[in-house]
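>>> Return a 3D structure for these sequence lines:
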Amino acid sequence: MGGADDPSIGEALITFLLIGGAGVVIPAAVVLPTIGLGIWLTRLRRHRRG
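From the prediction side, this is the model:
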């Protein structure tokens, strides 16, 4: 009984990790470049004023 359940539990864990990983990676891939762009624009404005 336990042997039959193991693959489904393993698949569920893998699926959960993939979805959880995507849930972290995708927002980070959007937010981090936006923050970098904001920092770059801020530095560019300060450089022009100076």
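>>> any weak-confidence spans in the chain?
Where the chain drops to pLDDT under 70, the residues are 1-7, 50.
>>> Report the contact partners of the most centrally placed residue in the chain.
Nearest to the mean C-alpha position of the chain, by C-alpha atoms, centre = their mean, lies residue 25 at 1.6 Å. The neighbourhood of residue 25, defined by C-beta atoms under 8 Å, 6 or more residues apart in numbering, contains no residues. C-betas here are computed from N, CA, C, even on glycine.
>>> any idea where the helices of this protein begin and end?
Using DSSP state H, the helices of the chain run over residues 2-49.
>>> on that earlier part again, so the residue nearest to the centre of the chain versus residue 36, what's the distance?
Applying C-beta to C-beta, to the nearest Å, the value for residue 25 to residue 36 is 16 Å.
>>> just residue 18 next, same as before
27 Å.
>>> cool, and residue 27?
Note on residue 27: its distance to residue 36, by C-beta to C-beta, is 15 Å.
>>> what does stretch 39-50 rub up against?
Stretch 39-50 is contacted from outside by no residue at all, using C-beta under 8 Å, 6+ apart.
>>> so how far is that stretch off the chain centroid?
28 Å (C-alpha atoms, centre = their mean, to the nearest Å).
>>> Same question for stretch 17-30.
Mean-position distance between stretch 17-30 and its chain equals 3 Å (C-alpha atoms, centre = their mean).
>>> Which positions in that stretch come out as buried?
By 16 or more other C-beta atoms under 10 Å, stretch 17-30 has no buried positions at all.
>>> That'll do, ta.
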